[in-house]
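> 3D, please:
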Amino acid sequence: MIRFKNNTVLLLIVLSAFGLSTLTACSGSDDNGEAKAASDDGGEDHGDGDDHGAEEGGDHDEAGGVVEMDAAERKKQEVKTAILGQRALAEEVIVPGEVTLDLYRTAQITPRIPAQTMQRHVHLGDKVEEGQSLVTLSSVEMADAQGALIVTSREWTRVAKLGRGVVSERRFVEAQVAAQQARAKVEAYGMTATQIDALAAKGDASKATGSFDLMAPQAGTIIRDDFIIGEVVEPGRVLFEISDETNAWVEARLTPEQAGHLEPGASARISLDGARWREGRIIQVRHALDETTRTLSVRIEVDNSDDELHPGQFVSAAVNIGEATTVLAVPAEAIVLMDGSQTLFKVEGDELHPTPVETGVNRGGWVEVTGGVNEGEEIVVSQLFLLKSLILKSKMGSGHGH
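I've put the predicted structure just below:
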């Protein structure tokens, strides 16, 4: 009986200790909640736990799920922002396409007379400017034409100095016409006006060697140079092909029903990998069906100043085929999934606030936003996963600290 009483006393002591511990823990939780609220209001420091969280977050302070990052740091981290606004979204289809040269910015360089290649001045892949020398050729026909140019130019210079009062009208006209014809001939053979003037000014028949240069008719990149030095080439043989690759064409194929909704000038997008897209515009819609595929080809012009697109590459092309509806929309990359919710980061001064939003249709790389944010607010549109990771690290750090 005494043993039972002692056991009861012992049990009461244990229960009392457990209750005191629970009370202390609850009191500590209340204190922490007050500290968190104070911190949210810009108040007191949390202590050791918060210091640990700051270390986990690196150079940023993410208190209560907010990333603190000023404009300078955002630029350093490539965190870009934009103002929320309305955008016209239309029904879109994605079809296969192929990159081709912009034929309106491409030129082929060929000789006009039989000639031998003597010296190459540029190579495949070189950037050239308009009027730059590409290759030196030598031709017997050009030598004859150059000799005639020198002779007739000298005769015309002499007759013109004498004037009509000294020479007969016939001689005057014949000398003039002969010089003009000789000049036209060497120009037709491939010499430029500057080269012709220089040769005629020398008046030295020994300079009529038949040597001349082919010049670049435009600026661009050498994309073809299929010849060897010493080769005798015939008229029309393509020695060089130059293309201005700052623009590229994409040939996309659509069904007649899809193509029927398109007009030149409409916007389109293309992608090499299905993840990154670049804007373009439709410049032509063919009117003849491909006999094999029964599709219509649509030509899309895209900016290629970064030289990422090259002829022959296969891409995905996205074109709008329906009526556009104007809605509040954000780029798809501006939304990240956090805690099971579609989330944007709103910019408020130097703070980036994760904000759950409601979304609608997703078209053309843009997502309709139907709730959670308002037009005119500034949001983050890049590096969303970086911001998400900073917040997750901060939460992990807070958990370890408490």
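
> Contacts for stretch 181-200, please.
Residues from elsewhere that reach stretch 181-200, judged by Cβ atoms under 8 Å, 6 or more residues apart in numbering: 111-113, 131, 137, 139, 141-142, 145-146, 148-153, 207-208, 212-215. Placement of C-beta: from N, CA and C, glycine included.

> Let's see that with 7 Å instead.
With contact meaning Cβ atoms under 7 Å, 6 or more residues apart in numbering, stretch 181-200 is reached by 111-113, 141-142, 145-146, 148-150, 152-153, 207, 212, 214-215.

> Can you flag which of those residues belong to helices?
Among the contacts of stretch 181-200, the residues falling in helices (DSSP state H) are 141-142, 145-146, 148-150, 152-153.

> Of these, just the buried ones, ChimeraX syntax please.
To isolate the buried ones among these in ChimeraX, judged by 16 or more other Cβ atoms under 10 Å, type:
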select :142,145,146,148,149,150,152,153
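
> which one of the ones in helices among the contacts of stretch 181-200 sits closest to residue 85?
Set against residue 85, the nearest of the ones in helices among the contacts of stretch 181-200 by Cβ to Cβ is residue 142 (63.2 Å).

> Go ahead and confirm that closest one touches residue 209.
No: taking contacts as Cβ atoms under 7 Å, residue 142 lies outside contact range of residue 209: 8.6 Å.

> Give me the lowest-pLDDT entry from the contacts of stretch 181-200.
On pLDDT alone, residue 207 ranks lowest of the contacts of stretch 181-200, at 85.

> Run a quick neighbour tally on that one.
Neighbour count for residue 207, taken as other Cβ atoms under 10 Å: 14.

> can you list the weak-confidence ranges in this structure?
When residues are selected by pLDDT under 70, those of the chain lie in 1-64, 90, 322-324, 364, 397-402.

> Domain-wise, how is it divided?
The record's domain parsing of the chain by automatic domain parsing lists 61-87+326-401, 92-103+244-322, 130-240.

> In a markdown table: the ones you listed, plus distance to residue 123.
What follows is the domains of the chain, written out as a markdown table (distance: least, Cβ to Cβ, whole Å):
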| stretch | distance to residue 123 |
| --- | --- |
| domain 61-87+326-401 | 36 |
| domain 92-103+244-322 | 16 |
| domain 130-240 | 7 |
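
> Which stretch among those approaches residue 121 most closely?
Of the domains of the chain, nearest to residue 121 by Cβ to Cβ is domain 130-240, at 4.9 Å.

> what about residue 232, how many neighbours?
For residue 232, using other Cβ under 10 Å, the count is 12.

> Repeat that for residue 293.
Residue 293: 10 neighbours (other Cβ under 10 Å).

> who's in contact with the residue nearest to it when sequence neighbours are not counted?
Leaving aside its sequence neighbours, residue 293 sits nearest to residue 253 (Cβ to Cβ, 6 or more residues apart in numbering; 6.3 Å). The contact partners of residue 253, taken as Cβ under 7 Å, 6+ apart, are 95-96, 293, 295, 297.
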